[in-house]
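Peer 1: starting from these lines, generate the structure:
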Amino acid sequence: MAEPTGAKLIVDMTDAEVGRAERVDGVLETLKDNASMADREATLPRANVEAISAAGLLSLVVPENLGGLGGNLRDLSAATFAMGTACPSTALAYFFHCSATSRGLLALEAVQAGLFDEDESSTVEAFGSLVIDRMVSGRWMANFASESVKTSTAAISIATSAVEVDGGWAVSGVKAFGCGTGVADDYLVTARFPGGDTADYLGVFIVDPTADGVSERPPWDSLGMRGSASHGVVLDKVFVPSNMALAVPGAFPKMMQMSRGSFVGNQPAGSACYLGSAAAVYDYAVAHLTNTKFKDTGQSIGMADFQLQVLGKMRESLDTGLLWMRRQVELETAEPPPLTKDETVATWRIAKGTCAEAAMDVAIGALKACGTSNTYNTGLVARSLRDISMGLVQAFPPERGRIEGARAIISGSESESFGGAK
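Peer 2: Residues are numbered from 1 along each chain as shown. As a prediction, the model looks like this:
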């Protein structure tokens, strides 16, 4: 039996991981069939969302005892890598859905770790359970944290505000990026509530996409990852009931303490989307160069010296990205942890950029090796080149990652992840 696609990244899968990866492979044909349309029309195909949901994958990283499939970062990275070989946009949207799981699981873990007092624990636990229950029931969640507002110190700045009103909260702000806009069943929104400017005063709010005051930003006419529905939302005093909000002072950083990696965890799985796309365009280039023959000699066109050199470089770059990603996933999942959290985060800062540049090198190589006839925008080479380019800028570019990684190595601590905006 052939290995699942995700095994190209996670090479030592357990039987349980193979079973979960085979579920992912079951949706790849649908994603591949819709990939060109998703890119052309800049929409997240409803058929892709339905296929992923029908396969039970919306709860991939929810523990079995909570009703999920029981996967972790290894499974999620394998899944987004595999989906990336078929439709990188859908892979990215799926990653953001699964990243919402952390808002539930980390809350529950922080309670179990005794980080909250008795009064706070019940509120935090109820919210964490609510997030997980909604995912297990088959709801797609869009995770909105990023905003267009920036600060010099924080990777993600939160200007969206939440003001307490009768029976709940009024949330207002503009979320610039969050895959699943207009498609997700729930919007998970990070916002700042009164009391201070630190991460202690960040809350998480489950917003009904159909609620009064919710509107979509203009379509995201981006260079790549066009079918991820990432255009974001505008929130104008949107009412969120109290039971749909986690606004306990100090809860957000306490939840982040429970993560093994950067921010609230699972970040490597986002970059695995781009490596999946790189693997697909590499395979396409090899097949094209091998199977296309010269009419007069019958020899494969890929035997020219320059193409062999380009292909060798592509293989080197793909393996570089895969090796860095495997190492990062191991650092964030192995027991006992091989490194401290600060060391793991510093490594991720560098690994993220290295993987992005390696994937981009593969796409550029495919463009060079496959020639002019493969430059049409609907073709895999051109789409991959555009999609993978987004990995260079998503979250932070490689240059910033290396600086922050090196700074953390010297200072011994991670730079601020979430900041305020005034």
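
Peer 1: strands of this protein, start to end?
Peer 2: 141-144, 156-158, 161-165, 168-175, 186-192, 202-207, 214-216, 233-241, 245-246, 418-420 (DSSP state E).

Peer 1: export those to CSV and append columns for mean pLDDT, mean neighbour count and distance to E399.
Peer 2: Bear in mind the C-beta positions are built from the backbone N, C-alpha and C, glycine included. As requested, those are exported to CSV (pLDDT from 0 to 100; neighbours: other C-beta atoms under 10 Å; distance: least, C-beta to C-beta, whole Å):
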stretch, mean pLDDT, mean neighbour count, distance to E399
strand 141-144, 90, 27, 26
strand 156-158, 72, 23, 18
strand 161-165, 97, 16, 32
strand 168-175, 96, 21, 26
strand 186-192, 95, 25, 26
strand 202-207, 96, 25, 27
strand 214-216, 97, 14, 32
strand 233-241, 97, 19, 30
strand 245-246, 97, 24, 35
strand 418-420, 57, 20, 20
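
Peer 1: out of those strands, which comes closest to T123?
Peer 2: Closest approach to T123 among the strands of the chain (C-beta to C-beta): strand 245-246, 7.3 Å.

Peer 1: what ranges of this structure fall below the confidence cut-off?
Peer 2: By pLDDT under 70, the weakly predicted segments of the chain are 1, 148-156, 263-264, 413-422.

Peer 1: can you give me the helices in it?
Peer 2: Along the chain, the segments classed as helices by DSSP state H run 15-41, 46-54, 73-86, 88-99, 101-112, 118-136, 251-257, 267-291, 305-333, 341-370, 380-389, 398-411.

Peer 1: return the last one as CSV; C-alpha atoms alone will do.
Peer 2: When you say that, I think you mean helix 398-411. Below are the C-alpha coordinates for helix 398-411, written out as CSV (Å, rounded to 0.1, in the frame of the first residue of the first chain):
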residue,chain,number,x,y,z
PRO,A,398,12.9,35.6,6.6
GLU,A,399,15.1,38.6,7.4
ARG,A,400,13.0,39.6,10.4
GLY,A,401,12.8,36.0,11.6
ARG,A,402,16.6,35.6,11.6
ILE,A,403,17.1,38.9,13.4
GLU,A,404,14.5,37.9,16.1
GLY,A,405,15.9,34.4,16.3
ALA,A,406,19.4,35.7,16.8
ARG,A,407,18.2,38.3,19.3
ALA,A,408,16.4,35.6,21.3
ILE,A,409,19.5,33.4,21.3
ILE,A,410,21.6,36.3,22.8
SER,A,411,18.9,37.6,25.2
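
Peer 1: got the angle for that helix vs helix 341-370?
Peer 2: Between helix 398-411 and helix 341-370, the angle comes out at 150 degrees (axes from the mean of the first three to the mean of the last three C-alpha atoms, to 10 degrees).

Peer 1: returning to that earlier point: in a markdown table: the helices of the chain, plus mean neighbour count and distance to F144.
Peer 2: Formatted as a markdown table, the entries for those read as follows, by neighbours: other C-beta atoms under 10 Å; distance: least, C-beta to C-beta, whole Å:
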| stretch | mean neighbour count | distance to F144 |
| --- | --- | --- |
| helix 15-41 | 18 | 21 |
| helix 46-54 | 18 | 17 |
| helix 73-86 | 29 | 19 |
| helix 88-99 | 30 | 9 |
| helix 101-112 | 23 | 11 |
| helix 118-136 | 18 | 14 |
| helix 251-257 | 22 | 15 |
| helix 267-291 | 24 | 15 |
| helix 305-333 | 18 | 24 |
| helix 341-370 | 23 | 21 |
| helix 380-389 | 24 | 22 |
| helix 398-411 | 16 | 22 |
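
Peer 1: same list, those, but as TSV with distance to T5 please.
Peer 2: Output for those, formatted as TSV (distance: least, C-beta to C-beta, whole Å):
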stretch	distance to T5
helix 15-41	6
helix 46-54	15
helix 73-86	4
helix 88-99	11
helix 101-112	22
helix 118-136	23
helix 251-257	32
helix 267-291	8
helix 305-333	13
helix 341-370	16
helix 380-389	16
helix 398-411	26
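
Peer 1: that older thread, could you export the strands of the chain as a markdown table, including distance to R20?
Peer 2: Conversion of those to a markdown table gives the following (distance: least, C-beta to C-beta, whole Å):
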| stretch | distance to R20 |
| --- | --- |
| strand 141-144 | 19 |
| strand 156-158 | 29 |
| strand 161-165 | 36 |
| strand 168-175 | 30 |
| strand 186-192 | 23 |
| strand 202-207 | 26 |
| strand 214-216 | 33 |
| strand 233-241 | 31 |
| strand 245-246 | 28 |
| strand 418-420 | 31 |
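
Peer 1: tell me the domain ranges of this structure?
Peer 2: Residue ranges for each domain of the chain read 5-99, 103-257, 267-414, as given by automatic domain parsing.

Peer 1: my guess is T85 contacts A279, does it?
Peer 2: Yes: using C-beta atoms under 8 Å, T85 is in contact with A279, at 5.7 Å.

Peer 1: identify whichever of the strands of the chain lies nearest to E357.
Peer 2: strand 156-158 (22.1 Å).

Peer 1: hang on, the earlier thing: quick one: closest of the helices of the chain to L66.
Peer 2: Between L66 and the helices of the chain, the tightest spacing by C-beta to C-beta is seen for helix 118-136, at 5.3 Å.

Peer 1: helices or strands next to that closest one in the packing?
Peer 2: helix 101-112, strand 141-144, strand 202-207, strand 245-246 (3 or more C-beta pairs under 8 Å, 6 or more residues apart in numbering; DSSP states H and E).

Peer 1: may I have that helix as CSV, with CA atoms only?
Peer 2: Backbone C-alpha positions of helix 118-136 (Å, rounded to 0.1, in the frame of the first residue of the first chain) are rendered in CSV as follows:
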residue,chain,number,x,y,z
GLU,A,118,-11.2,29.2,41.4
ASP,A,119,-13.4,32.0,40.2
GLU,A,120,-11.6,32.4,36.9
SER,A,121,-11.2,28.7,36.2
SER,A,122,-14.9,28.0,35.6
THR,A,123,-15.1,30.9,33.1
VAL,A,124,-11.9,29.9,31.2
GLU,A,125,-12.8,26.2,31.2
ALA,A,126,-16.4,26.9,29.9
PHE,A,127,-15.0,28.9,27.0
GLY,A,128,-12.3,26.4,26.1
SER,A,129,-14.9,23.6,26.1
LEU,A,130,-17.2,25.8,24.0
VAL,A,131,-14.6,26.2,21.3
ILE,A,132,-13.8,22.5,21.2
ASP,A,133,-17.4,21.4,21.2
ARG,A,134,-18.1,23.7,18.2
MET,A,135,-15.2,22.2,16.2
VAL,A,136,-16.2,18.7,17.1
